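S.K.: here is a sequence together with a model predicted from it:
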Amino acid sequence: MYAIGIDIGGMSAKIGLVKDNILIYEERIPTGSDPDYDAFVEALRQRIAALQAKYPVEKVGISSCGLIDRQKGSIVYSNNIRWTNKHLTEDLGNRIGLNVRIANDAKCAALAEAVLGAGKSFSRVCMITLGTGVGGCMIRNGQLGEGSRYADADDMLGHITVEHNGRLCTCGRRGCLEAYASAPALTRNYAELTGEELSAKEIFDRARAREPQAGAAVASFREYLADGLVSIVNVLRPEVIVLGGGMAAAAADYMDDLRRAVNTLVFGGDVLPVEITTAELGNEAGMVGAALL
Ligand SMILES: [Zn+2]
């Protein structure tokens with residue numbers, strides 16, 4: 001079965017041809033910060049038509065940054081590409097004669113990990129993305145939930161409270177998981193101890209070299225992350241948590257302690273422990289996940 005997965009990001013849109021869930025071809029078209037919408041849809045139509053001429057493409061899915069109305073099939077708002085209320089599934093679907101579906105990039109990546117990557121042997125998979133922010137997505141039986149307009153409950157997992165009256169979060173509230181378990185949070189942990197602003201990667205490197213302040217900064221990140229994951233597991237009961245994003249690249253440094261902490265604290269963790277692992281698919285997860293929609 002041939003499907004096309006399109007991954008719209010801030011710099012470019014990747015168009016992937018996926019055969020039986022495996023990416024076999026990919027090309028890019030630039031988007032830039034303020035792309036002309038009609039020209040973009042036309043560029044997609046041309047690329048898709050060229051693929052349709054060679055392969056029996058059955059469906060098209062789109063992974064997009066920004067706020068997505070999955071039911072209506074539209075991009076409500078994207079801060080990266082500055083589009084509002086674009087009914088992309090209809091505008092593209094009418095031109096190519098195929099049904100088009102859309103979901104946000106975090107959901108598409110989680111779907112790909114759940115079905116084909118680190119979560120493939122589990123039926124309840126929660127993906128947590130640790131990067132500039134903290135994102136989450138729950139996949140049950142290889143499916144996204146039915147979706148509501150604009151946002152689903154699991155879109156907000158980065159904004160559960162882990163510290164009453166704690167640090168100010170990007171969302172305007174205080175004490176969110178994102179304010180303690182994102183890359184900027186680790187930078188802040190270290191700066192509060194030393195006055196020095198380093199990247200998350202540099203802090204992990206220094207912790208590995210046994211610098212005490214870096215070790216303390218990483219430990220604080222890990223402890224708050226454990227608290228956040230415990231609340232997530234107590235509510236959603238996934239069988240596995242898949243960590244993705246930039247902070248997961250250093251997961252080997254904190255994974256054993258994190259697993260132990262979560263399964264000590266979570267309700268029933270001694271009899272029904274939750275598995276925690278890292279994402280397996282790379283940059284192609286968006287395209288492959290879109291093709292699964
Ligand atoms: Zn928040």
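M.R.: Arrived safely, thanks for sending.

S.K.: CA atoms for contacts and neighbours, from now on please.
M.R.: Noted.

S.K.: okay, and the most far-flung residue of the chain relative to its centre sits in which element?
M.R.: For the chain, the residue at maximal distance from the C-alpha centroid (C-alpha atoms, centre = their mean) is Ala53, at 32.6 Å. When secondary structure is defined using DSSP states H and E, the element that contains Ala53 is helix 37-54.

S.K.: which residues touch that helix?
M.R.: For helix 37-54, the external contacting residues (C-alpha atoms under 8 Å, 6 or more residues apart in numbering) are 4, 17, 29, 31, 57, 83, 88, 91-92, 95-96.

S.K.: partner strands of the helix or strand just after that helix, parallel or antiparallel?
M.R.: Beyond helix 37-54 on the C-terminal side, the first helix or strand identified by DSSP H and E is strand 57-64. Sheet pairing for strand 57-64, assigned by DSSP bridges, gives strand 2-8 (parallel), strand 100-104 (parallel).

S.K.: closest one to the ion among these?
M.R.: Taking C-alpha to the ion as the criterion, strand 100-104 is the member of these that comes nearest to the ion, at 18.8 Å.

S.K.: not counting its own residues, what contacts the following helix or strand past that closest one?
M.R.: Read in the C-terminal direction, the helix or strand following strand 100-104 is helix 105-116, with elements assigned using DSSP H and E. Helix 105-116 has contacts (C-alpha under 8 Å, 6+ apart) with 7, 21, 63-65, 119-120, 122, 125-127, 129, 135-139, 142-144, 242, 279-281, 285-290, 292-293.

S.K.: for the helix or strand following helix 105-116, name the packing helices and strands.
M.R.: Moving toward the C-terminus from helix 105-116, the first helix or strand encountered (DSSP H and E) is strand 124-130. Counting by 3 or more C-alpha pairs under 8 Å, 6 or more residues apart in numbering; DSSP states H and E, the packing neighbours recorded for strand 124-130 are helix 105-116, strand 134-140, strand 240-244.

S.K.: mind putting these into CSV with mean pLDDT?
M.R.: Output for the helices and strands packed on strand 124-130, formatted as CSV (pLDDT from 0 to 100):
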stretch, mean pLDDT
helix 105-116, 93
strand 134-140, 91
strand 240-244, 96
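
S.K.: closest one to the ion among the ones you listed?
M.R.: That would be strand 134-140 among the helices and strands packed on strand 124-130, by C-alpha to the ion, at 9.1 Å.

S.K.: using PDB, list the CA coordinates for the helix or strand just after that closest one.
M.R.: Per DSSP H and E, strand 134-140 leads on to helix 178-181 as the next helix or strand towards the C-terminus. In PDB, the C-alpha atoms belonging to helix 178-181 read as follows (Å, rounded to 0.1, in the frame of the first residue of the first chain):
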ATOM      1  CA  GLU A 178       7.900  22.100  31.200                       C
ATOM      2  CA  ALA A 179       9.500  24.700  33.500                       C
ATOM      3  CA  TYR A 180      11.500  21.900  35.100                       C
ATOM      4  CA  ALA A 181      12.100  19.200  32.500                       C
END
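
S.K.: pLDDT averaged over helix 178-181 - what is it?
M.R.: For helix 178-181, the mean pLDDT works out to 96.

S.K.: how far out from the middle of the chain is it?
M.R.: For helix 178-181, the distance from its own C-alpha centre to the chain's C-alpha centre is 16 Å (C-alpha atoms, centre = their mean, to the nearest Å).

S.K.: what packs against it?
M.R.: Taking 3+ C-alpha pairs under 8 Å, 6+ apart as the contact definition, the neighbouring helices and strands of helix 178-181 are helix 183-194, helix 212-236.
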